[in-house]
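Enquirer: Could you work out the structure for the sequence below:
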Amino acid sequence: MTNKKLHGEDKLQAIPSTKTCDTSNMGLWTSKSSSNHARMKMSCISRKTKQHGSQVYIVLGILWVLSSGAFQGNSFGQRFSLIIDCITATTGLLVVGLAPSFPYLCIGRLLCGHACASATVTIPIYTSEISLPKVRSITGSFFLNFYLGGYCLTVILGSAVHWRITIVSLVIFPIFSAIFLSMAPNSPIWLLQKGRDEEAFKSLLYFRDDILEVREEIAAIAENLVISKKKNKNMESNSLSDRFRFKLNRLKSPELVKPLMISIILTAGFVEWNGLGAISFYMVNFIEEVKIPVDPYLGACINTIGRAAFGILSTGWISKYPRRYVFLTSIAVMIQGTLMISVYHYLLTNDYFVLYGLEENLIIPWIPAIGYLLTSYSFCSGYIQVSYMCQGELLPSDVKSFGSGIVGFVDGLSMFVSAKTALTLLNSLGVVLYFAYCTVALSVCFIFAFFLLPETKGKTLQEIENGFRK
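Expert: This next block holds a predicted model:
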């Protein structure tokens, strides 16, 4: 391989990694919110109400922008949309960190929710559209891995310094991302959609460094766009109503419906409602309920660091092995972990350990810890990364922003509801039934992915789209 080619691939990995530094800010912010929720012992109902109210504001910002973030990315381009998100995130963090009163805190959290939600829609699209198939598995995993890294960093910072210092220090991530993005090119697919063919050629040449390869890829992208245009004559009009009708009509096409449903079911369905997504928000509570024999706060810190480490390691096996293999393997390990916890607590509750004289065994109390770590680490070892890579890889290029907005909105709403009900379900069902439910949900997810999740490793976005069109 020539040095010139290597240079092009270096740029492919450098830009998404720098861009997703802003994603780490999402993890930083989420972790700060959830860790404070777990640690603060509210002595006053009004304080609890204010904390809940500030969480609602960030969720409102997320849900509102998920419905409008698609418009922002499609209108201004993913690169400029992300720069706007960086500016919004910086402003929101400064408002929160310097907030003199509760209303300012709510405004800051609303801005942070706005930035995080919009970036959630845009980052997978931009990452997938600028990456070669052989590096897309690496750059596509950056989104969740930077999130996990940011979450881990906040746990460490939040325990060492005052929360205002922690929040204000986070502005370095969106500022750095905005500066770097200002020097990066736009997505070549977005430029072609806007009729800016020459700029699209230069953009793709920047990432590929091979004129022949660029010409072939430009021709393939243009061919797919022509096919999409022929399916709806309203595309000829520039009016807003006609363009909106075009997107609605595209909902009837198999190349959008199939990947859209797969993405929604994997994220809003299985990721949020498998019972394990809420662990990130209530780590201390889950460690206490599962009866892991360590201090719950120390356990939460160790678990968070481990999740970030396994997230980084997952980049290696996601890039080396087929997506389906990594995804299904992660689910299989998670099933073992949840089943281990459920069976252990069933035996403990019914005094089977006492019956067989095992209550003094030093290994037995660590069984739930092993199950918990298997579940938590495998969740971050390819399962969640592949789930969120789908919207950037599977959705058709001409309505990718529109489809990602739908996926993001449903997923955001689902995450909020599932997170708010997780502890209630855990207390109502008990550990045995709760983790039995997790086992069943993961088993259904395994069957769904085995039969319906397509393999995308080594394929171009155009090949993936054509596969759904058949």
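Enquirer: Please make it C-alpha for all contacts and neighbour counts, starting now.
Expert: Noted.
Enquirer: Next SSE downstream of the longest helix along the chain?
Expert: Across the chain, the longest stretch assigned as helix under DSSP state H is helix 400-452. Once helix 400-452 ends, the next helix or strand along the chain (criterion: DSSP states H and E) is helix 461-469.
Enquirer: residues of that following helix that come out buried?
Expert: 461-462, 464-465, 468 (16 or more other CA atoms under 10 Å).
Enquirer: okay, the residues you listed in CSV with pLDDT and distance to K252 next?
Expert: Compiled in CSV, those are given as follows (pLDDT from 0 to 100; distance: CA to CA, whole Å):
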residue, pLDDT, distance to K252
L461, 89, 20
Q462, 87, 19
I464, 91, 18
E465, 86, 15
F468, 86, 13
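Enquirer: Which members of the residues you listed are the farthest-apart pair?
Expert: Largest separation among those by CA to CA: L461 and F468, giving 11.1 Å.
Enquirer: tell me the mean pLDDT for the longest helix of the chain?
Expert: For helix 400-452, mean pLDDT rounds to 92.
Enquirer: Could you name the helices and strands sitting against that helix?
Expert: Using 3 or more CA pairs under 8 Å, 6 or more residues apart in numbering; DSSP states H and E, the elements in contact with helix 400-452 are helix 45-76, helix 102-130, helix 254-264, helix 272-273, helix 323-349, helix 384-393.
Enquirer: I287: what's it in contact with?
Expert: The contact partners of I287, by CA atoms under 8 Å, 6 or more residues apart in numbering, come to 296, 299-300.
Enquirer: neighbouring contacts of the helix or strand where F310 lies?
Expert: Element membership of F310 [criterion: DSSP H and E] is helix 296-320. Helix 296-320 has contacts (CA under 8 Å, 6+ apart) with 134-135, 137-138, 141-142, 144-145, 148-149, 151-152, 155-156, 283-285, 287-288, 326, 373, 376-378, 380-382.
Enquirer: can you do 6 Å?
Expert: 137-138, 145, 148-149, 152, 283-284, 287, 377, 380-382 (CA atoms under 6 Å, 6 or more residues apart in numbering).
Enquirer: Give me the angle between it and helix 384-393.
Expert: Helix 296-320 runs at 50 degrees relative to helix 384-393, counting by axes from the mean of the first three to the mean of the last three CA atoms, to 10 degrees.
Enquirer: And the pLDDT at F76?
Expert: Per-residue confidence at F76 stands at 86 (pLDDT).
Enquirer: Against L110, how distant is it?
Expert: 22 Å (CA to CA, to the nearest Å).
Enquirer: Have a look at the two and say which one is more surrounded.
Expert: With neighbours defined as other CA atoms under 10 Å, F76 and L110 compare such that L110 has more, 26 against 14.
Enquirer: shaky segments in the stretch 151-300 of the chain?
Expert: Scanning the stretch 151-300 of the chain for pLDDT under 70 picks out 230-244, 246-247.
Enquirer: Run through the helices of it in chain order.
Expert: 163-169, 172-181, 188-193, 197-208, 211-230, 240-250, 254-264, 272-273, 283-290, 296-320 (DSSP state H, counting those that start in this stretch).
Enquirer: I'd like to know which of these is closest to V444.
Expert: It's helix 272-273; of those, that one is closest to V444 (CA to CA) at 11.6 Å.
Enquirer: Walk me through the domains of this structure.
Expert: The chain breaks down into these domains under automatic domain parsing: 1-184, 242-470.
Enquirer: most packed of those?
Expert: domain 1-184 (a mean of 21; mean count of other CA atoms under 10 Å).
Enquirer: so what's the backbone phi/psi at Y356?
Expert: In terms of degrees, to the nearest 10, the main-chain angles of Y356 are phi -100, psi 10.
Enquirer: Same list (the domains of the chain) but as JSON lines, adding distance to R208.
Expert: What follows is these, written out as JSON lines (distance: least, CA to CA, whole Å):
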{"stretch": "domain 1-184", "distance to R208": "5"}
{"stretch": "domain 242-470", "distance to R208": "14"}
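Enquirer: I figured G458 hits P133, correct?
Expert: Yes: taking CA atoms under 6 Å as the definition, G458 is a contact partner of P133 at 5.0 Å.
Enquirer: Distance of I125 relative to S81?
Expert: 12 Å.
Enquirer: Sorry, wrong one. I was asking about A89.
Expert: A89 is 12 Å from S81, by CA to CA.
Enquirer: Any chance of TSV for the buried residues of helix 461-469, columns distance to K320?
Expert: Output for these, formatted as TSV (distance: CA to CA, whole Å):
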residue	distance to K320
L461	19
Q462	22
I464	19
E465	23
F468	24
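Enquirer: from the residues you listed, which single one is nearest A219?
Expert: For these, the nearest to A219 is Q462 (10.5 Å; CA to CA).
Enquirer: residue contacts, that closest one?
Expert: If a contact means CA under 6 Å, 6+ apart, then Q462 has no contacts.
Enquirer: That one and D197: what is the separation?
Expert: Q462 is 17 Å from D197, by CA to CA.
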